[in-house]
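S.K.: Structure, please.
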Amino acid sequence: MLVDGGVGGIRENTEVIGMKSFWSALPTEGRWLLSTVAIQTLGRGMTLPFTIIYLHEVRGFDLGFSGALMSLIAITGLVVTGPGGTLIDRFGARRVLIVGLLSMIAGCTLLAYATHPAVATVAVVLIGVNFGVSWPGFNALIASVVDGEVRQQYFGVNFALVNLGIGVGGIIGGFFVDVTDPSTFTTIFLIDAATSLIPLALLLGPLRHVRTQPDPDPDVAVEGGYRQILRRPAVLWMTLLTFFSVFIGYGQIEAGFPAYARQIAQVSTAVVGISFAVNTAVIVLLQFAVLRLINGRRRTRVMQVMALIWAVSWVMLGAAGLLPDSVTAAIAVIAFMGVFAFGETMMQPTIPAIYNDLATDRTRGRYNALNSAAFQGGAILGPLVAGVLLGAGVSGWFIALMVAGSLAVGVLAFVLERVLPTSANGSVDVHRTDDVERTPPV
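M.R.: Numbering: from 1, shown residues only. Sure thing, here's the model as predicted:
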């Protein structure tokens, strides 16, 4: 049953099993947000695969410095995430997101004309600021609009559309850019800046009345900071699970996987490119089917299944290294990305939904900031570990670590289930009445 809970809000649980019924269950604000996702991410898809190429080959920056600039985006995002979450809870996601989007527009525009290292440094810092606040900000905004199973499904559909936009953008960018013509790179970065105007227009227009923070209430005690939030066992275990999931997942997709595929499995760059296309296709084609399968099931059990799927995928990639430079290796590499993507369709609807079901309206920004920080931490550490292991020539240990890490995620999900309130675990079979905010006294 759907119960209106505020500005376009959907409260309580609902069984939404088809795209038509899902769309009809969304409030107007949710439809506005979802309908523009693929277009918003198109520009990011055009620049993401080619930024380091642009910095090194087009602008002539040293490769080491170019790599440091790429890392600076993630580092800035990680530094900004914590304060950003607090600001979201204090001033609302909408205001913080507007600042972040303006920073993104300025950063992409500067980067388009960055012929000096100092200008490029300022540009990537501005882009990193947006990355630091956009994740917790948009997740808080989504959570204020939708609730229950619709929220979980929203996160899944949103993830598929993000991948669609980035995938299509990457294909367009690959055909368009030319390292001998700097103007082609200038164009794609300006397009990236222009696509950020779309969510900015939504926040200033149709979504201008959406609030993520409640009015001050003198009768309600002020919640503590991050330390107190992390004292909740469910939050602590959830944050660890998120970190390890990203460390052996996304942290390897842009570093460990391509390095292993090229150096150990010895497949061509074309095979690597095809594997990424397969990854996007699987997510776009299967996400809604997976949402129907996991609807009403315990989210911790879904994460356990995902962990097993990822363990199998890493075994498949390890098998590719046993028959290097062969058709079998190419098939295994492509299959790895397809199976891995299947696991992704289970992770992305689940983790944000748990964080937002644990949070209150007064702490939503900080809970989503913890989610973002755990994700960014895993994404930063993952490539470093992959580089050390593969650089040392111990590829077997690399695969073993990835398989063991996948299984460890399953164990963490099992532990999390013991402390996670049923209201946050997504199961329609509620047998206990856990207090959603089982926060220990300060």
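S.K.: from here on, contacts and neighbour counts on C-alpha atoms
M.R.: Will do.
S.K.: now I354: how far from T363?
M.R.: 14 Å (C-alpha to C-alpha, to the nearest Å).
S.K.: Ignore what I typed, I meant A369.
M.R.: 10 Å.
S.K.: more crowded one of these two?
M.R.: A369 (31 against 26; other C-alpha atoms under 10 Å).
S.K.: Can you give me the pLDDT of that one?
M.R.: The model reports A369 with a pLDDT of 92.
S.K.: how many neighbours does L322 have?
M.R.: Neighbours around L322, by other C-alpha under 10 Å: 14.
S.K.: I'd assumed A265 was in contact with it.
M.R.: Yes. Taking contacts as C-alpha atoms under 8 Å, L322 lies within contact range of A265: 7.3 Å.
S.K.: Find residues that contact each of these two.
M.R.: Taking C-alpha atoms under 8 Å, 6 or more residues apart in numbering as the contact rule, L322 and A265 both touch A329.
S.K.: which secondary structure elements does the longest helix seen in the chain contact?
M.R.: What stands out as the longest helix in the chain, according to DSSP state H, is helix 327-358. In this structure, helix 327-358 packs against helix 117-145, helix 148-176, helix 233-247, helix 269-294, helix 299-320, helix 364-391, with contacts taken as 3 or more C-alpha pairs under 8 Å, 6 or more residues apart in numbering; DSSP states H and E.
S.K.: Do you know the pLDDT at S268?
M.R.: 86.
S.K.: now it, nearest residue through space, not along the chain?
M.R.: R262 (6.7 Å; C-alpha to C-alpha, 6 or more residues apart in numbering).
S.K.: Return, as residue ranges, the portions of the stretch 51-200 of the chain with sub-threshold pLDDT.
M.R.: Across the stretch 51-200 of the chain, the ranges flagged by pLDDT under 70 are 148.
S.K.: let's see 50
M.R.: For the stretch 51-200 of the chain, not a single residue meets the criterion pLDDT under 50.
S.K.: What spatial separation is found between the residue lying closest to A373 once chain neighbours are set aside and E57?
M.R.: Closest residue to A373 apart from its sequence neighbours, by C-alpha to C-alpha, 6+ apart: L78 at 5.8 Å. Distance, L78 to E57, using C-alpha to C-alpha: 28 Å.
S.K.: Look at these two and report which has more neighbours.
M.R.: L78 (25 against 16).
S.K.: Whatever helix or strand that one lives in packs against which elements?
M.R.: Assigned by DSSP states H and E, L78 belongs to helix 63-91. Helix 63-91 is packed against helix 51-53, helix 93-112, helix 117-145, helix 364-391, with contacts defined by 3+ C-alpha pairs under 8 Å, 6+ apart.
S.K.: Output the second one as PDB, nothing but the C-alphas.
M.R.: These are the backbone C-alpha positions of helix 93-112, laid out as PDB (Å, rounded to 0.1, in the frame of the first residue of the first chain):
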ATOM      1  CA  ALA A  93      20.800  18.500   0.000                       C
ATOM      2  CA  ARG A  94      19.500  20.900  -2.600                       C
ATOM      3  CA  ARG A  95      21.700  23.800  -1.600                       C
ATOM      4  CA  VAL A  96      24.800  21.700  -1.200                       C
ATOM      5  CA  LEU A  97      24.200  20.000  -4.600                       C
ATOM      6  CA  ILE A  98      23.900  23.400  -6.300                       C
ATOM      7  CA  VAL A  99      27.300  24.400  -5.000                       C
ATOM      8  CA  GLY A 100      28.700  21.100  -6.100                       C
ATOM      9  CA  LEU A 101      27.300  21.400  -9.600                       C
ATOM     10  CA  LEU A 102      28.600  24.900 -10.000                       C
ATOM     11  CA  SER A 103      32.000  23.600  -8.900                       C
ATOM     12  CA  MET A 104      31.800  20.800 -11.500                       C
ATOM     13  CA  ILE A 105      30.800  23.200 -14.300                       C
ATOM     14  CA  ALA A 106      33.800  25.500 -13.400                       C
ATOM     15  CA  GLY A 107      36.200  22.600 -13.100                       C
ATOM     16  CA  CYS A 108      35.300  21.000 -16.500                       C
ATOM     17  CA  THR A 109      35.400  24.400 -18.200                       C
ATOM     18  CA  LEU A 110      38.900  25.100 -16.700                       C
ATOM     19  CA  LEU A 111      40.100  21.600 -17.600                       C
ATOM     20  CA  ALA A 112      39.000  22.100 -21.200                       C
END
